[in-house]
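[1] Fold the following for me, if possible:
(chains A, B, C and D)
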2 protein chains.
Amino acid sequence: MSISRSSASTASKKRQILPRAVRREQLIQATMRCIARLGLSSVTLSQVTKEAGLSQGIANLHFAGKEDLLVETLRYVTGEYNRGQIQILEDPAFALPSERLAALVNFQFSRSVTEETKMAVWFAFYGEAKSRPTYKAICAQADAKAARLVRRLFADVGLELDRSMDPVMVAEGYIALIDGLWLSLLLVPKKMTRAKAKRVAWAHLNGIFLTL
Amino acid sequence: MSISRSSASTASKKRQILPRAVRREQLIQATMRCIARLGLSSVTLSQVTKEAGLSQGIANLHFAGKEDLLVETLRYVTGEYNRGQIQILEDPAFALPSERLAALVNFQFSRSVTEETKMAVWFAFYGEAKSRPTYKAICAQADAKAARLVRRLFADVGLELDRSMDPVMVAEGYIALIDGLWLSLLLVPKKMTRAKAKRVAWAHLNGIFLTL
DNA sequence: GATGAGAATGAACGCTGGTTCATTCCCATC
DNA sequence: GATGGGAATGAACCAGCGTTCATTCTCATC
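    Here you go, the predicted model:
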């Protein structure tokens, strides 16, 4: 509490009025950090607003309530990931499907995507999705979109390499592997690194596309 | 659970005194059902005790508190799974490592292991593990044990099939795939069935062991 | 500089949920 | 059948949380 900085660390003493969109973003970011630090079940609004360097009541001013803030946080991470994925899967610059696949793998294990905070948020909501229809719907929708895109990519790679295989099965296997690797990255980062995960993913892909 | 029905539905009116171990088991079972139905963050002791058909205060009588009950529930599922896994991986009855591997796959996608309630509990705790050292330790320990056993199995299978590969990498990939498939089974059971998951797992294994 | 619309604040409120403990009641023992 | 130890109960307690709203303060407009 001193001079006049805005962020969490040295909070400004001066009250500031900012656009709704900015406040919402600040609160969502703070929520992500809180989920990563405390877990979804221990997140409180006073923690979140303190993390954001704002006042207690502000969450209810810009969101319909705590639950709404959480849902928007989930939408934020799934949306961001999906946009990145679509950009790769629809970029016309790739000459070969296999090059596109390589770009996808690199994206999925990029520093930005595998950032600890995001992984923590992702799996925190997955853990609750079973019993929360709203979370489940958002996760399922994100997954379905990813699956569709990956399926098409794998079909193309199959044609390129002249392999006959079922794109549906292959896509499901690949996505499951990525999810599992992300879980390892989150829980045992000492044992599973991004580089290692990438190698494991490639071993899988080589196995799928080069068998027989 | 016998003549005078004790469970939730038609509660027995008579008070009953049972051994500590039985009460603990009842409460853990009820906790698992509540986690599956409500999610870890919405579980309350009054829900759990009602589900068990017992009184409010009983959880604190047989466990140190709510947190202890949750931890013991996590230990219960991980312990059960590990015992099943060890039984297969150390059963001397298998002639070939590949047969042992087949048994492992069947076990991992058996009805008992993939039971909705257990999967829900499993992932609920995984989702919180990042921020809860106690949960994290239990999960990590279970994972480490599984990894060690699977690594050895894969080394044996490699010898049997005369393939040279790195058992560490292969084991990590396999375990990640299984985790990812379980997640699909939990979240989109309409799309991912046990049979399908098994086929995906075999496609992966064939790819790994038959490549080049 | 004055003004007012409304963004931001934070104290206060009510409710929910974990924990406690006086009381009740079972049942092994005699 | 009587009895005492202690398992089980459930009402009461209290801390912590989400939400509200009277008040404060900012800044675009004039």
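
[2] use CA for all of it now, contacts and neighbours both
    Fine.

[3] could you say what helices and strands the longest helix along chain A packs with?
    When chain A is parsed with DSSP state H, its longest helix is helix A:133-161. When contacts are defined as 3 or more CA pairs under 8 Å, 6 or more residues apart in numbering or on different chains; DSSP states H and E, helix A:133-161 sits against helix A:66-90, helix A:97-108, helix A:116-129, helix A:167-187.

[4] Of the ones you listed, flag the one that's most buried.
    helix A:116-129 (a mean of 24; mean count of other CA atoms under 10 Å in any protein chain shown).

[5] now check that helix, is it near chain B?
    Yes. Using CA under 8 Å from any CA of the partner chain, helix A:116-129 reaches chain B at A:A120, A:F123, A:A124, A:F125, A:Y126, A:G127, A:E128, A:A129.

[6] tell me the contacts of the fourth one?
    Contact partners of A:F125, counting by CA atoms under 8 Å, 6 or more residues apart in numbering or on different chains, are A:L40, A:L74, A:Y135, B:G127.

[7] hmm, back to that, so for the longest helix of chain A, what gets flagged as buried?
    For helix A:133-161, burial by neighbour count (16 or more other CA atoms under 10 Å in any protein chain shown) applies to A:135-136, A:138-140, A:142-143, A:146-147, A:150-158.

[8] rewinding a little: among the helices and strands packed on helix A:133-161, which comes closest to DNA strand C?
    helix A:66-90 (13.0 Å; CA to the nearest atom of the strand).

[9] tilt between the closest one and helix A:133-161?
    10 degrees (axes from the mean of the first three to the mean of the last three CA atoms, to 10 degrees).

[10] per-domain residue ranges of chain A.
    Domain assignment for chain A by automatic domain parsing gives A:1-63, A:73-210.

[11] Any chance of CSV for the residues of helix A:116-129 next to chain B, columns distance to DNA strand D and pLDDT?
    Output for the residues of helix A:116-129 next to chain B, formatted as CSV (distance: CA to the nearest atom of the strand, whole Å; pLDDT from 0 to 100):
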residue, distance to DNA strand D, pLDDT
A:A120, 18, 97
A:F123, 19, 97
A:A124, 16, 98
A:F125, 16, 98
A:Y126, 19, 97
A:G127, 18, 97
A:E128, 16, 97
A:A129, 18, 96
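
[12] For chain A, give me the ranges with low pLDDT.
    Along chain A, segments meeting pLDDT under 70 span A:1-13, A:212.

[13] Quick check: residues of it near DNA strand C?
    A:15-20, A:23, A:53-58, A:61-62 (CA under 7 Å from any atom of the strand).

[14] Check those residues against A:S98 and report the nearest one.
    Of all the residues of chain A next to DNA strand C, A:S98 sits closest to A:R23, with 41.6 Å by CA to CA.

[15] tell me the phi and psi of that closest one?
    Main-chain torsions, A:R23, degrees, to the nearest 10: phi -60, psi -40.

[16] Now do the contacts for the residue nearest to it when sequence neighbours are not counted.
    Nearest residue to A:R23, sequence neighbours excluded (CA to CA, 6 or more residues apart in numbering or on different chains): A:H62, at 7.3 Å. Listed by CA under 8 Å, 6+ apart, the contact set of A:H62 reads A:R20, A:R23, A:R24.

[17] List just the nearest of the residues you listed to chain B.
    Checking the contacts of A:H62 against chain B with CA to the nearest CA, the nearest one is A:R24 at 23.7 Å.

[18] What number of residues are in the vicinity of the closest one?
    For A:R24, the neighbour count with other CA atoms under 10 Å in any protein chain shown is 19.

[19] Show the contacting residues for it.
    A:R24 neighbours (CA under 8 Å, 6+ apart): A:H62, A:F63.

[20] One more pass at 10 Å, please.
    Going by CA atoms under 10 Å, 6 or more residues apart in numbering or on different chains, A:R24 touches A:A30, A:I58, A:A59, A:L61, A:H62, A:F63, A:L69, A:E72, A:T73.

[21] What is the burial count for A:G53?
    20.

[22] unless I'm mixing things up, it is touching A:R23, no?
    No. Applying CA atoms under 10 Å as the test, A:G53 and A:R23 come out as separate, 11.1 Å apart.

[23] coming back round to it: distance to B:H204 added to the contacts of A:R24, as CSV?
    Below are those laid out as CSV (distance: CA to CA, whole Å):
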residue, distance to B:H204
A:A30, 40
A:I58, 50
A:A59, 46
A:L61, 50
A:H62, 47
A:F63, 45
A:L69, 39
A:E72, 36
A:T73, 34
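
[24] Stretch A:88-104 spans what distance, first to last residue?
    7 Å (CA to CA, to the nearest Å).

[25] Not counting its own residues, what contacts that stretch?
    Here stretch A:88-104 has contacts from A:83-87, A:105-108, A:110, A:146, A:149-150, A:152-161, A:202, A:205, using CA under 10 Å, 6+ apart.

[26] do stretch A:143-150 as well
    A:78, A:81-82, A:85-86, A:89-90, A:101, A:104, A:137-141, A:151, A:153, A:156, A:167-168, A:170-172, A:174-175, B:184, B:187-188.

[27] and DNA strand D, which of those contact it?
    Of those, not one also sits near DNA strand D (CA under 7 Å from any atom of the strand).

[28] residues touching A:I58, list them.
    A:R23, A:R24, A:L27, A:L45, A:S46, A:T49, A:G65.

[29] I'd like to check which residues are in contact with A:S164.
    A:S164 makes contact with A:A155, A:G158, A:F209 under the criterion CA under 10 Å, 6+ apart.

[30] How about the residues of chain A by DNA strand D?
    Going by CA under 7 Å from any atom of the strand, the residues of chain A near DNA strand D are A:14-17, A:42-46, A:56-57, A:60-61, A:65-67.

[31] returning to what we had before: neighbour-wise, which one of the residues of chain A next to DNA strand C leads?
    Counting neighbours by other CA under 10 Å, the top entry in those is A:L54, with 22 neighbours.

[32] Quick check: it touching A:S46?
    Yes. Using CA under 10 Å, A:L54 is in contact with A:S46, at 9.3 Å.

[33] How much space separates A:T211 from DNA strand C?
    Using CA to the nearest atom of the strand, to the nearest Å, one gets 52 Å for the distance from A:T211 to DNA strand C.

[34] I'd guessed that residue sits against A:L161; true?
    No. Using CA under 10 Å, A:T211 is not in contact with A:L161, being 11.7 Å away.

[35] Confirm that A:T49 sits in a helix.
    Yes. A:T49 forms part of a helix when assessed by DSSP: H, G, I helix; E, B strand; the rest coil.

[36] just to revisit the earlier point, quick one: which of the contacts of A:S164 is nearest DNA strand D?
    Nearest to DNA strand D out of these is A:A155 (CA to the nearest atom of the strand; 45.6 Å).
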